[in-house]
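**Student:** Quick check, what structure comes out for this input:
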Amino acid sequence: MTTAGKEQYLSKLALIVILLIAFALRVYNLQTNPGGLFIDEAARGYDAYSISRTGADMFGQRWPLFARGFDDYTPALYIYLTVPFVWVLDLSRLSVRLPSAFIGLLTVAVSYQAIRRPFGRTAGVVGAALLAISPWYVLLSRIGTEWNLLALGPMLTIVLAYRGWLAAAGLAGGISLYGYAPVKAFLLLLLAGFVLFYWRQLLRRWRVALLAALILAVLALPVYIFSATAQGSIRFQEIASFYNAGGQDAAMLFVKNYMAYFNPGFLFITDASQPNIFFIQRLKNVGLLYWFELPLILFGLYCLFKRGKREQYFWLYWLLIAPLGINLHIHSPKPALWLTATPTLHGLAAAGGVLLFEGWRRGISAQSKFAFQRSFSAAALITLVIIAVFNISAMINDLFTQFPLYSARVADWGYALDQGVEDLARLQPAFDDATLDTFGSISGIYYAFYSRFPPQQRRQEVAQHGENAWQRVGPVRIGDVQTLGGQSGCHLILTQQEKRQNIAAPSVLLKTYLLPNGEPGSLQLGAVASLPETVESVQVVFGEQILLDSFAVVSSQTNPLIGPNRAICLLLNWQSAGNLAADYTVFVHLVGPVNSVSGSTLWAQHDGRPGDGRRPPTSWQPGEVVPDLHVLLIPADAPVGRYQLKVGLYNGATGQRLSVKSGDSNLTDQVVLIELDIK
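**Tutor:** Predicted structure coming up:
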């Protein structure tokens, strides 16, 4: 085998190994890491689910080019790439993320060809390896959105053009415009530069070049026409940082955002001051690039300016125009947008690394009179390798060990909503209504995704309710839990802790969803009851200082029946006769049926501190009325008959029950509050 043949063989073998590593980093534990679901993933996934089942998106638009989503009308290419995965694997986090993982894998493979052209085969292999393990790109390849297409589309277009397949390049460029919206500005700048640098070669093949331009224009026309419409410009108006600025202020903001993408702090250090992107588009403990890449990039730039050829200067042009357009975003700099720079930075690092290694090899092999040079070269190489191993190990540990823990605390990931939606859908029939309120109106996307809500039914709701369609998805209300106190009945709610605790109406916690480390998370399942117009007075005294003044079984006017699989919402009104020194817990038991063999069987119970734990007895003022809600779920196998609701109090620290006195009755440790007929 010739030297050239051997080099080519080794390059292919190395590329196969690199792709296997890239694949493993992108698909390992993909279903559970990230543990939640980003809202864009939910929207793209449900649209793909709807199209795979009905041929139309969630709004009823058949085979749309632009997905309406949250009324921002995103190009739909990623949705169509997701359709086959959803069709085969059903709707899940895995099926939505697999297309992104494979896009990332393909981007690594294409980057080899892109970097090889200006910097050589070895640099192509090294650059592909750097992209395969990039902290920046690995995480983004594990998230089921169209972000990755911003890296693949332009790069594939240039690689095909490099290889002389101009018509295919025009096709790739046109299709890429239906990926991530920022490509619309960047691709035009990139292709304009390509024409400027390679106009002589294009002129020699002007017929094919003209065909490529025609293909690109035909595919691009719908994109740019739609972008000029009111609907197509909504998202731009929302995110354009200079939209309300003018004159010098807009120009200064433009330059500031542009330079931010080259800030070493943005590239190499995680910046906690940017919460809009923190832990979503980047990791916590490593930057977008490794520290060992910094000297390689600088050396690559040095060599480029010293020995630059046309292909390398085009590479520099690519890097310099990468922030143009994306720096208009109000949240600049943003890692996903900066994928326009793929693979320039890794290519420069690869080129610098190859040239440095050749210098080290020459230095190490120098004659004995250059002992210092040999020692310095060896020490520098070993130091860089150690830093590289440390950086890469830190990234792997962060991604697979730390990220699942700290990302679960970031609200935008919607951690545990899959469990919450499952419980909400299961328990909804037991209550008068069910409400989901985590991210406002877009919470409905999560419910539709996790419940696999029938797309045909969803489209009927959209047609019926129009702009108000996302106020309800099937049996679940989407909206503010604060408004539930004024509505008749007892309502099941799934919301964040801070929202539930701010509800003025009586409420009770049913379940807190745990974080991966076992700590309580913010997502909670609870119930809210309206204040009834009438209550039943009981005047029962517990422990001579606590008075149960009155109670009510809360039910809606539309469904007052109590039966199996229904919830009993019991509102107790407490008063204190004096200052209490101990906290007590309330217990409510459903026993029965009376006058039967199983008359004392406990069928349901609820224990809880008064006022949902927010009003412990030690905080009660004498004479103050403290409403206290308790919810019992009647089992499906509870027999028909009459049941008793019993109430008591016990010391939370000792478990000792308080004595009860009602009228002239003897002292006990509980009171039969009411008898109910379960039908």
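
**Student:** contacting residues around the helix or strand of the chain with the lowest mean pLDDT?
**Tutor:** Least confident helix or strand, the chain: helix 234-239 with a mean of 73, by mean pLDDT, DSSP states H and E. For helix 234-239, contacts defined as C-beta atoms under 8 Å, 6 or more residues apart in numbering pick out D71, D72, Y73, T74, A181, S227, Y243, L328, H329, I330, H331. C-beta: built from backbone N, CA, C; applies to glycine.

**Student:** Stretch 162-169 too?
**Tutor:** Applying C-beta under 8 Å, 6+ apart, the external contacts of stretch 162-169 come out as 113-114, 117, 157-158, 160-161, 202, 205, 208-209, 211-212, 215.

**Student:** what are the C-alpha coordinates of whichever helix or strand comes after the least confident helix or strand of the chain, in CSV please?
**Tutor:** Next along the chain after helix 234-239, taking DSSP states H and E as the criterion, comes helix 247-260. Extracted in CSV, the C-alpha atoms of helix 247-260 (Å, rounded to 0.1, in the frame of the first residue of the first chain):
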residue,chain,number,x,y,z
GLY,A,247,-29.9,55.7,15.1
GLN,A,248,-26.7,55.5,17.1
ASP,A,249,-28.2,53.3,19.8
ALA,A,250,-29.1,50.6,17.3
ALA,A,251,-25.7,50.7,15.7
MET,A,252,-23.9,50.4,19.1
LEU,A,253,-26.2,47.5,20.1
PHE,A,254,-25.5,45.8,16.8
VAL,A,255,-21.7,46.1,17.3
LYS,A,256,-21.9,45.1,21.0
ASN,A,257,-23.9,41.9,20.3
TYR,A,258,-21.6,41.1,17.4
MET,A,259,-18.4,41.3,19.5
ALA,A,260,-20.1,39.3,22.3
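
**Student:** so where's the stretch 51-200 of the chain shaky on pLDDT?
**Tutor:** The stretch 51-200 of the chain contains no residues with pLDDT under 70.

**Student:** for the least confident helix or strand of the chain, which positions count as buried?
**Tutor:** For helix 234-239, the neighbour count (16 or more other C-beta atoms under 10 Å) marks R235, I239 as buried.

**Student:** same deal with stretch 292-304?
**Tutor:** Buried, per 16+ other C-beta under 10 Å, within stretch 292-304: F292, E293, L294, P295, L296, I297, F299, G300, L301, C303, L304.

**Student:** Ok, stretch 635-645 next?
**Tutor:** Residues A638, G641, Y643, Q644, L645 are the ones in stretch 635-645 that count as buried (16+ other C-beta under 10 Å).

**Student:** any chance of the contacts of stretch 162-169 in TSV, with distance to V83 and secondary structure too?
**Tutor:** Output for the contacts of stretch 162-169, formatted as TSV (distance: C-beta to C-beta, whole Å; DSSP: H, G, I helix; E, B strand; the rest coil):
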residue	distance to V83	secondary structure
Q113	28	helix
A114	28	helix
R117	34	helix
T157	23	helix
I158	28	helix
L160	25	helix
A161	29	helix
L202	36	helix
R205	36	coil
V208	33	helix
A209	34	helix
L211	30	helix
A212	28	helix
I215	24	helix
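
**Student:** Tell me the secondary structure at the closest residue to A213 other than its chain neighbours.
**Tutor:** In this structure, A213 finds its nearest non-sequential neighbour in G170, 6.4 Å apart by C-beta to C-beta, 6 or more residues apart in numbering. Here G170 is helix, with the state taken from DSSP: H, G, I helix; E, B strand; the rest coil.

**Student:** Was I right to think G170 contacts L214?
**Tutor:** Yes. Using C-beta atoms under 8 Å, G170 is in contact with L214, at 7.4 Å.

**Student:** And the strands in the stretch 1-150 of the chain, which stretches?
**Tutor:** Along the stretch 1-150 of the chain, counting by DSSP state E, counting those that start in this stretch, strands occupy 66-67, 74-75.

**Student:** Make JSON lines out of these and add mean neighbour count.
**Tutor:** What follows is the strands of the stretch 1-150 of the chain, written out as JSON lines (neighbours: other C-beta atoms under 10 Å):
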{"stretch": "strand 66-67", "mean neighbour count": "24"}
{"stretch": "strand 74-75", "mean neighbour count": "24"}
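
**Student:** So for F400, which of these sits nearest?
**Tutor:** strand 74-75 (29.7 Å; C-beta to C-beta).

**Student:** Going by distance to G485, which of the contacts of stretch 162-169 wins?
**Tutor:** Distance to G485 across the contacts of stretch 162-169 (C-beta to C-beta) is lowest for T157, with 57.0 Å.

**Student:** of G170 and L214, who's got more company?
**Tutor:** More crowded of G170 and L214, by other C-beta atoms under 10 Å: G170, with 27 against 12.

**Student:** what separates that one from A463, distance-wise?
**Tutor:** 39 Å (C-beta to C-beta, to the nearest Å).

**Student:** ok, now H589?
**Tutor:** Counting by C-beta to C-beta, the gap from H589 to A463 is 48 Å.

**Student:** And for H606?
**Tutor:** Distance, H606 to A463, by C-beta to C-beta: 41 Å.

**Student:** okay, these two: which has more neighbours?
**Tutor:** More neighbours surround H606 than the other of H606 and A463, with 18 against 11 (other C-beta under 10 Å).

**Student:** Helices of the stretch 401-550 of the chain, start to end?
**Tutor:** For the stretch 401-550 of the chain, applying DSSP state H, counting those that start in this stretch gives helices covering 403-406, 417-427, 443-450, 455-465, 497-501.

**Student:** any chance of these in a markdown table, with mean pLDDT and distance to F38 too?
**Tutor:** Output for the helices of the stretch 401-550 of the chain, formatted as a markdown table (pLDDT from 0 to 100; distance: least, C-beta to C-beta, whole Å):
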| stretch | mean pLDDT | distance to F38 |
| --- | --- | --- |
| helix 403-406 | 92 | 13 |
| helix 417-427 | 95 | 11 |
| helix 443-450 | 94 | 11 |
| helix 455-465 | 89 | 20 |
| helix 497-501 | 90 | 20 |
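
**Student:** Kindly compare burial across the ones you listed and name the winner.
**Tutor:** Greatest average neighbour count among these goes to helix 443-450 (a mean of 26), per mean count of other C-beta atoms under 10 Å.
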